[in-house]
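In: Sharing a model that was predicted from the sequence below.
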Amino acid sequence: MAEPLMQLQNISCVFKTRHGEVVAVDDISFDLDEGRVLCLVGQSGSGKTTAARIASGLLKPTSGTVLFEGHDIHAKGKDLFTHFRRSVQYIHQDPYASLNPIRDVFGSLSAPLRKHGLVKNRQQAWDKVSELLAQVGLTPPETYLSKFPHQLSGGQRQRIAVARALTLGPRLIIADEATSMLDVSIRISLLKTLTKLREDLGVGFLFITHDLAMAKFFGMDGDIAVMHVGKIVEQGPTQDVIRDPQDDYTRALLEAVPEPDPDLARRKRAVRLAAAASASGAGGSAP
Ligand SMILES: Nc1ncnc2c1ncn2[C@@H]1O[C@H](COP(=O)(O)OP(=O)(O)OP(=O)(O)O)[C@@H](O)[C@H]1O
């Protein structure tokens, strides 16, 4: 079997604060295969961002190992880390975090291409940036090339951030609540674009979200890991975890997901009420 693209092995992260130690991540492990999606789901404060930052190499864990293509990313040797940095890209919740406000779109997207010698001249940069914009659904590209971040809508800005993440041909994108600041219809449209990038480019995703509905939408054919107070309480294929959750916390998260179909919502409610009634003995046979 092929080696996983990324492996987190027994990762813990403890922050020392004025009020004592905070265990943000507590002995978590997961594998992510080439071109696959793993959704890391949990409520605010469960440790998702800390885990994502560790997976991206932005933060060193207190203990445990991060392997990329089978190599420890923190082992000595600059070449490996440079390769890792190009191969793994991070998309933040707020696109302003990755876009320079005083650079236009062409400037923001061509800078990494030039820095890494992927284009030789302005024309090549122009063509490559136009191609990237088309890939993220910003067409015609000429409309966007000379725009500055503040001249774009939130959804367009996040698409530019995705295009920027694609500049170096990554194998894995870590999307940290990348769609949660957007309105629902814009969010769905961006998720469809990300799905297409997975299909067309074979890029894998570590998709961080507090919203299980988003994980269902984006990661239905992938895996899910549910985080609660720093630990992964349940993980497996998304379909299995959603159909038959084993952990109480996962069940609670699932129940909190709104059901868009009112008929189905009514039926689910009826099943829940019946289960609660039978658990409390109401309607059942007397002991
Ligand atoms: N640099 C830090 N110093 C101290 N504590 C931190 C630091 N970063 C995170 N924490 C704490 O670690 C815990 C996990 O935080 P983290 O941001 O990873 O969770 P999260 O699931 O991503 O939540 P959110 O979605 O709200 O960002 C929280 O209790 C948080 O306050």
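Out: Here it is on my side, so go on. Residues are numbered from 1 along each chain as shown.
In: just the residues of the chain that are near the ligand, which are they?
Out: 15, 17, 22, 24, 42, 44-50, 210 (CB under 6 Å from any ligand atom). (C-beta placed from N, C-alpha, C; glycine too.)
In: now these: which count as buried?
Out: Ala24, Gly42, Ser46, Gly47, Lys48, Thr49, Thr50, His210 (16 or more other CB atoms under 10 Å).
In: Which pLDDT does the model give the residue nearest to Glu142 when sequence neighbours are not counted?
Out: Excluding the flanking residues, the one nearest Glu142 by CB to CB, 6 or more residues apart in numbering is Ser130, at 7.6 Å. At Ser130, the predicted lDDT confidence score is 96.
In: Low-confidence stretches in the stretch 51-200 of the chain?
Out: Applying pLDDT under 70 to the stretch 51-200 of the chain picks out residues 78.
In: mind listing the helices for it?
Out: According to DSSP state H, counting those that start in this stretch, the stretch 51-200 of the chain carries its helices in the segments 78-87, 105-115, 122-135, 142-145, 154-166, 184-201.
In: Of all pairs in the residues of the chain next to the ligand, which one is the farthest apart?
Out: Thr17 and His210 (22.6 Å; CB to CB).
In: Return the most buried member of the helices of the stretch 51-200 of the chain.
Out: When the helices of the stretch 51-200 of the chain are scored by mean count of other CB atoms under 10 Å, the highest mean neighbour count falls to helix 154-166 (a mean of 23).
In: Report the contact partners of the closest residue to Ser46 other than its chain neighbours.
Out: Spatially, and ignoring its direct neighbours in sequence, Ser46 is nearest to Met227 (4.2 Å; CB to CB, 6+ apart). Listed by CB atoms under 8 Å, 6 or more residues apart in numbering, the contact set of Met227 reads Ile28, Leu40, Val41, Gly42, Ser46, Gly47, Lys48, Ala51, Val233.
In: Let's see that with 10 Å instead.
Out: 25-26, 28, 40-43, 45-48, 50-51, 208, 210, 233-235, 249 (CB atoms under 10 Å, 6 or more residues apart in numbering).
In: try Cys13
Out: So Cys13 contacts 22-26, 28, 47, 50-51, 53-54, 59-64, 230 (CB under 10 Å, 6+ apart).
In: Kindly write the PyMOL command that selects the buried subset of those.
Out: To isolate in PyMOL the members of the contacts of Cys13 that are buried, counting by 16+ other CB under 10 Å, one can use:
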select buried, resi 23+24+25+26+28+47+50+51+53+54+59+61+62+64+230
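In: pLDDT score assigned to Ala276?
Out: 69.
In: swap that for Pro260, sorry
Out: At Pro260, pLDDT is 60.
In: What separation do you get for the spatially closest residue to Ser189 that is not a sequence neighbour and the ligand?
Out: Spatial nearest neighbour of Ser189, chain neighbours left out: Gly155 (7.1 Å); criterion: CB to CB, 6+ apart. Distance of Gly155 to the ligand, given as CB to the nearest ligand atom, to the nearest Å: 21 Å.
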